[in-house]
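> using only what follows, build the 3D model:
(chains A and B)
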Amino acid sequence: MNVNVPTNVRTMKTAAEQALADAFVSAQPKLPGKGAVAALRADAFQRFETAGLPHRRVEEWKYTDLRALMREAQPLAGLPDAAAKAKAKNAGALFAGIAARKLVFVDGAFAPDLSDLSPEAGLAIVSMADALAKGDALVAAHVGKTVETNDVGVALNTALMGDGAVIRVAAGAALAKPIHLVFFGAQAAASVTRSLLVVEKGASVTLLESHDNAAGQVNTALEIVAADGATVEHVKTVRAGALHLSSLIASVGARARFNTFAFTTASALVRNQMFIRFAGEGTQAGIGGATLARAREHVDNTLLIDHAAGGCESRERFRAVLDGQSRGVFQGKIVVRPHAQKTDARMASHSLLLSDDAEANAKPELEIFADDVQCGHGATTGALQQDLLFYLRARGIPKRQAEALLIQSFVAEPIESIGHEGVRAALNAAVERWLGERE
Amino acid sequence: MSLLEVKNLHARVGERQILNGLTLTVEKGQVAAIMGPNGSGKSTLAYVLAGKPGYEVTGGEVLLDGESVLGMEPEVRAAKGVFLAFQYPMEIPGVASMTFLRTAVNAQRKARGLAELSTPDFMKKVRETAGALGISNDMLRRAVNVGFSGGEKKRNEILQMAMLEPKLAVLDETDSGLDIDALRIVADGVNRLRAPDRAMVVITHYQRLLSYIVPDVVHVLAKGKVVKSGGKELALELEAKGYADFVGEAA
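This is a model prediction of the structure:
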């Protein structure tokens, strides 16, 4: 299929936009999937072409001007070599203490030889590249259809999606152990991954995601379709040396339990965006994140929470610790549809600034169209409380240790909402390591 | 040698000069009460002794066991045996009381070149001490002072003091906000900690506390200096007459 690149829509293209357009044109014949998939890609690419990279005048990207921040677009990563695969064996170490089924991706490509594909009742796993190429029915039914969004980051992902995991948990199944998606990048090249998790009625799953990429530009998306009565716990960690753009797109059915958490440290430029839609009544959800940033790091957590059905409870809890000249962004929008009565949504975003040069931007929004709801939001930004610090020091705790104790307790609050004890412990340990590296 | 010697101490907070040549000596084993009207500098003295940032010493000396402490960080003073029981103990969300106590005890032991307390030894000591103060295991598991009543917070201060075994304990208005039962529990806790090698400076506005913690000496503070010293009967005299005789105006 040919794509006509319209030259009249936007005359000024940045180098990165041009490179992305070129990448699409040259990669198109090799990207997995024909027919409907190719049409989906072309349509998504058209959206990117029309809008260009998002910039500060696009409200949802106000504080993360991708067009300015993304000076160049790296070429798409080639197939990983043996050396890269060898390194990938140690990736995802943060969750090393947790017995999990690992599925490993190196520079965006599935590495079956590093992955645990042993059969388990109620669980089906295929690679996204295979599923796209074969016209897999699950992929055809859900990819790009979970929640409607015009976001350009998602559009780019759809246009260029290469590989990822397609996971189906059958009705009523409760998996023996968590699934751990490990994304490891070794090249200074772009990888575009797309995954799909379908959790059928009453099934339960814990999905861990580790992204560890020192130099590559990553665009990753995960679609979760949780049916009625499903239980999903999703925890994602990011270490990104270059650029990490991630989209969680989830549609949650009735009476489900849905938890998602984004943990970001040691990352140059990260955007975690979440598009979550409550489509059935009586669901309880926790949407959380913890960010630890220093130097010139930039971490953006942006959520769009759509209460499309009544009687759901959602708790959004985000905390950021910002040192050096780092910048933390939180944008959270909760929409309550006219018929979504008895919605109970509470959003809190708190940032702790450890230096005079760190910056926090918070933009919480509520759009409520129903009249019988409980919704609230709170956002704070501040430094460590000097009185508290003195109290600890007056008990003999040295200043650095006292600060660490207070920072750790600050970040622990949202982490406590994670159900899996091993994951909580792993994240708290990662916070401790980060504090240990503080200058 | 006296345990604490405060010589001609001048201190200010921001632009406000609060201590104006305060001189005070406290001996080992002694309980010294510091009384005085509001604004006389009682709490400032407590904070200056503990080393609170923002309390600027503009003159004079503070010696602990003959060593000047004014240049020391608060944590160094604590490890040397200075303990301040706060008038308003802080709430520390997310830090369990047990963790806090343990971190403090071990930080001080480390500073003194001692090995950390083993978990069983630590637990045993906490349980015994907490039990005597009516502090439950549940309170120890909870975040420091979060959701505690005024009385519970003050008992928690005394628990910390008992665990840290200071040489010099400064109790800043420990009676404020306490009803009579809570006052008795706290006073009993303090009295148990009286020891020949430990001194206590009990800061209070009222004589009431001194019926329970009977001082060896009473110093009256006014306008940032000690204006009169005497025995425990001085507290009763103050209670009857007020501070007017000492400060030249009604307190």
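> go ahead and confirm A:Val205 touches A:Val235.
No: using CB atoms under 8 Å, A:Val205 is not in contact with A:Val235, being 11.9 Å away. To be clear about C-beta, it is placed using only N, CA and C from the backbone, and glycine gets the same treatment.
> looking at those two, which is more packed in?
More crowded of A:Val205 and A:Val235, by other CB atoms under 10 Å in any protein chain shown: A:Val235, with 26 against 23.
> which one is the more buried one nearest to, not counting chain neighbours?
Nearest-residue entry for A:Val235: A:Phe261, 4.6 Å, with adjacent residues in sequence omitted and distances by CB to CB, 6 or more residues apart in numbering or on different chains.
> list the beta-bridge partners for that neighbour.
Beta-bridge pairing of A:Phe261 under DSSP bridges involves A:Val235, A:Gly288.
> quick one: residues contacting A:Leu388.
Applying CB atoms under 8 Å, 6 or more residues apart in numbering or on different chains to A:Leu388 gives the contacts A:406, B:90, B:92.
> 6 Å instead, please
B:Met90 (CB atoms under 6 Å, 6 or more residues apart in numbering or on different chains).
> is it true that it lies in a helix?
Yes: under DSSP: H, G, I helix; E, B strand; the rest coil, A:Leu388 sits within a helix.
> which residues of the stretch 1-150 of chain B lie near chain A?
Residues of the stretch 1-150 of chain B lying near chain A by CB under 6 Å from any CB of the partner chain: B:50, B:52, B:74-75, B:78-79, B:84, B:90, B:94-95, B:103-104, B:107-108.
> ok so, going back, can you tell me how far the residue nearest to A:Val235 is from chain B?
From A:Phe261 across to chain B, the span is 17 Å (CB to the nearest CB, to the nearest Å).
> okay, now residue 192: neighbour count?
Looking at chain A here, since you left the chain open. A:Val192, neighbours per other CB under 10 Å, totals 25.
> right idea, wrong chain: chain B
Using other CB under 10 Å, B:Arg192 has 13 other residues around it.
> excluding its backbone neighbours, what's nearest it?
Looking at B:Arg192 with CB to CB, 6+ apart, the closest residue is B:Ala132, at 7.1 Å.
> which element is the closest residue to A:Ala15 other than its chain neighbours on?
Closest residue to A:Ala15 apart from its sequence neighbours, by CB to CB, 6+ apart: A:Glu72 at 6.0 Å. Taking DSSP states H and E as the definition, A:Glu72 sits outside all helices and strands.
> now the stretch 151-251 of chain B against chain A: closest residue?
B:Gln160 (6.4 Å; CB to the nearest CB).
> helix or strand: which one has that residue?
Under the criterion of DSSP H and E, B:Gln160 resides in helix B:150-164.
> contacts for that helix, please.
B:83, B:85, B:89, B:101, B:105, B:129-130, B:133, B:135, B:145, B:169, B:174, B:177-178, B:182, B:186, B:189, B:193.
> 8 Å instead, please
Helix B:150-164 is contacted from outside by A:395-396, B:78, B:83, B:85-86, B:89, B:97, B:101, B:104-105, B:108, B:125-126, B:129-130, B:133-135, B:139, B:144-145, B:148, B:169, B:174, B:177-179, B:181-182, B:185-186, B:189-190, B:192-193, using CB under 8 Å, 6+ apart.
> likewise for stretch B:212-230?
Stretch B:212-230 is contacted by residues B:10, B:17-24, B:30-37, B:40-42, B:44-45, B:183-184, B:187-188, B:190-191, B:200, B:202, B:210, B:231-232, B:234-235, B:237-238, B:243, B:246-247 when judged by CB under 8 Å, 6+ apart.
> next, the buried residues of it.
Buried residues in stretch B:212-230, defined by neighbour count with 16 or more other CB atoms under 10 Å in any protein chain shown: B:212-213, B:215-227.
> averaged pLDDT, that stretch. What do you get?
Mean per-residue pLDDT for stretch B:212-230: 95.
> for stretch B:54-68, same thing?
For stretch B:54-68, the per-residue pLDDT averages 97.
> cool, and stretch B:83-100?
93.
> and it, which residues are buried?
B:83-87, B:89-90, B:92, B:94-100.
> go through those residues and name the one nearest chain A.
B:Gly94 (2.7 Å).
> element containing that closest one, please.
Per DSSP H and E: strand B:92-96 holds B:Gly94.
> how far off centre is that strand?
Taking the mean of its C-alpha atoms, strand B:92-96 sits 22 Å from the chain's own mean (CA atoms, centre = their mean, to the nearest Å).
> any residues touching it, and which ones?
A:388, A:391-392, A:405-406, A:408-410, A:412-413, B:100, B:140-146.
> picking up where we left off before, looking at the contacts of helix B:150-164, which are in strands?
The strands, defined by DSSP state E, take in B:83, B:85, B:144, B:169 from the contacts of helix B:150-164.
> can you count the residues close to residue 243?
Using chain A. With other CB under 10 Å as criterion, A:Leu243 counts 23.
> hmm, I had chain B in mind actually
B:Tyr243 has 21 neighbours, counted by other CB under 10 Å.
> do the same with A:Gln284
18.
> how close does it get to A:Glu316?
As judged by CB to CB, to the nearest Å, A:Gln284 and A:Glu316 stand 13 Å apart.
> wait, A:Asp107 sits on A:Gly216?
Yes: when contacts are counted by CB under 8 Å, A:Asp107 is listed as touching A:Gly216 (6.9 Å).
> the two: which is more packed in?
Neighbours per residue, other CB under 10 Å: of A:Asp107 and A:Gly216, the larger number sits with A:Asp107, 28 against 23.
> what sits up against the helix or strand of chain A with the lowest mean pLDDT?
Lowest mean confidence among the helices and strands of chain A (mean pLDDT, DSSP states H and E): helix A:82-88, at a mean of 91. Here helix A:82-88 makes contact (CB under 8 Å, 6+ apart) with A:80, A:104, A:106-107, A:111, A:113-114, A:182, A:184, A:186-187.
> can you mark which positions in the helix holding B:Gln160 are buried?
Within helix B:150-164, the residues that count as buried by 16+ other CB under 10 Å are B:151-164.
> look at A:Leu292 and give its secondary structure.
Going by three-state DSSP, the secondary structure assigned to A:Leu292 is strand.
> now it: how far from A:His211?
Plainly put, A:Leu292 is 15 Å away from A:His211 if you go by CB to CB.
> next: B:Ser97.
The value you get for B:Ser97 to A:His211, if CB to CB is used, is 37 Å.
> any idea how many residues pack against the closest residue to B:Lys28 other than its chain neighbours?
Distance criterion CB to CB, 6+ apart; nearest residue to B:Lys28, sequence neighbours excluded, is B:Leu3 at 4.8 Å. Per other CB under 10 Å, the neighbour tally for B:Leu3 reads 20.
> swap in the one 3 residues further on?
Other residues near B:Val6 number 21, with proximity taken as other CB under 10 Å.
> can you map out the helices along the stretch 151-300 of chain A?
All helices of the stretch 151-300 of chain A, identified by DSSP state H, counting those that start in this stretch, fall at A:152-160.
> what segments of it are strands?
All strands of the stretch 151-300 of chain A, identified by DSSP state E, counting those that start in this stretch, fall at A:165-169, A:179-185, A:191-199, A:204-213, A:217-226, A:231-240, A:243-252, A:257-265, A:269-278, A:284-293, A:298-307.
> how about the ones in strands among the contacts of helix B:150-164, which pair is most distant?
Pairwise distances across the ones in strands among the contacts of helix B:150-164 (CB to CB) peak at 18.9 Å, for the pair B:Val144 and B:Ala169.
> against B:Val218, how distant is the nearest residue to A:Arg271 once chain neighbours are set aside?
Spatial nearest neighbour of A:Arg271, excluding adjacent residues (CB to CB, 6+ apart): A:Asp300 at 4.5 Å. Here A:Asp300 is placed at a distance of 61 Å from B:Val218 (CB to CB).
> what bits of chain B have low per-residue confidence?
B:248-251 (pLDDT under 70).
> helix, strand or coil for A:Gly429?
Small correction: residue A:429 is Ala, not Gly. A:Ala429 ends up helix, using three-state DSSP.
> residues in contact with it?
Counting by CB under 8 Å, 6+ apart, A:Ala429 makes contact with nothing.
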